[in-house]
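In: quick one, fold the following:
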Amino acid sequence: MALLKKRTVGKPGEWYYCLEHKKVEEGPECPAKDRFGPYASRQEAEHAMEMARERNLQWENDPRWHDTPAGDSSEEG
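Out: Have a look, this model is predicted:
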């Protein structure tokens, strides 16, 4: 009995960045858990990690996402 490989979901012309292999792929080739995307172009996918770092920095510095309750005066003084 032949083993069937489960096909990954995606279309040619969609670009992904594989976190496991640290490379850009079209299609996709790797499982969804190991990739960012889809991106509209190869160039966008090439900068996936850069974009992720920038978004993480924005999120970490967004005052709406801090765990300190409103009115907490422990940081004042």
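In: just the CA atoms of stretch 57-65, as CSV, please.
Out: Taking C-alpha atoms only, stretch 57-65 is exported to CSV below (Å, rounded to 0.1, in the frame of the first residue of the first chain):
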residue,chain,number,x,y,z
LEU,A,57,8.5,45.7,19.4
GLN,A,58,5.4,47.7,18.6
TRP,A,59,3.3,45.3,20.7
GLU,A,60,5.7,45.3,23.6
ASN,A,61,5.6,49.2,23.7
ASP,A,62,1.9,49.6,23.2
PRO,A,63,0.5,50.9,26.5
ARG,A,64,-2.9,49.2,25.8
TRP,A,65,-1.2,45.8,26.2
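In: avg pLDDT for that stretch?
Out: Mean pLDDT, stretch 57-65: 88.
In: over to stretch 15-27?
Out: 95.
In: buried set for that stretch?
Out: For stretch 15-27, a neighbour-count test (16 or more other C-beta atoms under 10 Å) marks 15-18, 24-26 as buried. The C-beta positions use only the backbone N, C-alpha and C, and glycine is treated the same way.
In: and residue 20, that's in a strand?
Out: No - secondary structure of residue 20 (DSSP: H, G, I helix; E, B strand; the rest coil): coil, not part of a strand.
In: how about it: what's its closest non-neighbour residue?
Out: Spatial nearest neighbour of residue 20, excluding adjacent residues (C-beta to C-beta, 6 or more residues apart in numbering): residue 34 at 4.2 Å.
In: same question for residue 45.
Out: Nearest residue to residue 45 in three dimensions, chain neighbours excluded: residue 15, at 3.9 Å (C-beta to C-beta, 6+ apart).
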